[in-house]
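**Student:** from the sequence below, what's the structure:
(one chain, ligands or ions: 2)
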Amino acid sequence: MPHATVRNTTRLLESPPLVRYDGLLGETAASVALERLDRELAWQRPQLRLYGKLHSIPRQQVWMGDANARYRYSGSDFDPEPWHPLVAEIRESVTARLAEAGVSAAFNSVLLNRYADGEERMGWHSDDESELGSDPLIAAVSLGAERPLRFRWRHGEDTPFNVWLPHDSLLLMGSGVQRRLQHALLPRKRLGRRISLTFRWIHTAPLS
Ligand SMILES: O=C(O)CCC(=O)C(=O)O
Ligand SMILES: [Fe+2]
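**Tutor:** Residues are numbered from 1 along each chain as shown. Ligands and ions are numbered 1, 2, ... in the order given. Next up, the predicted model:
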């Protein structure tokens, strides 16, 4: 099974911290998924408040998941969209591939991100909201233009590094990654459309 461990993190993180698996859906199915998600989802560009001023995010997104998997993100509450059948199928492929690799994981929600071109991006952050628990496992599927996800150590333990995310790949961000690193999808010139799906487990509160 093709996969690549990201070597320069293994000294500093527990196993399996950051692993990329290639060929998740198969080339054709992945290209069909890119087109369908692009067309069929209700992509949104919410405004977030930053230092008291509203800014449109430099990408589009959709939150999807179980009805009770509510999420708080940059000061706003998001109610998830119901599972799109194709996204539910991709989730099955992700959990199956992880299970083959000996990683048992379950996901009740996903943030889908759509970057129209290389100018669209996501700034530095860790996915460390309290709803994700103390040591979340996040699985990120990439479709479309290959871009690097850049990582930097929160306390400068080592140098920043890129993990390239080709079409139809799956990046597992495992134990310690959110606690010890931040990541960003920085702008790059001359790049086409990309959609990512970052699957998560949200610890839920009872529906009121
Ligand atoms: O688009 C990506 O690969 C990164 C997305 C990300 O960091 C996130 O959804 O939290
Ligand atoms: Fe993230």
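**Student:** restricting to C-alpha, output whatever helix or strand residue 38 lives in in CSV.
**Tutor:** Taking DSSP states H and E as the criterion, residue 38 maps to helix 27-40. Provided in CSV are the C-alpha atoms of helix 27-40 (Å, rounded to 0.1, in the frame of the first residue of the first chain):
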residue,chain,number,x,y,z
GLU,A,27,-7.5,8.6,-9.9
THR,A,28,-10.8,8.5,-11.7
ALA,A,29,-13.1,8.4,-8.7
ALA,A,30,-11.1,11.2,-7.1
SER,A,31,-11.5,13.4,-10.1
VAL,A,32,-15.2,12.7,-10.3
ALA,A,33,-15.5,13.5,-6.6
LEU,A,34,-13.7,16.8,-7.1
GLU,A,35,-16.2,17.8,-9.8
ARG,A,36,-19.3,16.7,-7.9
LEU,A,37,-18.3,18.3,-4.6
ASP,A,38,-17.5,21.5,-6.4
ARG,A,39,-21.0,21.5,-8.1
GLU,A,40,-23.3,19.9,-5.5
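**Student:** what comes up buried for it?
**Tutor:** Buried positions in helix 27-40, judged by neighbour count with 16 or more other CB atoms under 10 Å: 30, 33, 34, 37, 38. C-betas here are computed from N, CA, C, even on glycine.
**Student:** who's in contact with that helix?
**Tutor:** For helix 27-40, contacts defined as CB atoms under 8 Å, 6 or more residues apart in numbering pick out 24-25, 84, 86-87, 90, 112, 114, 143-144, 167-168, 193, 195.
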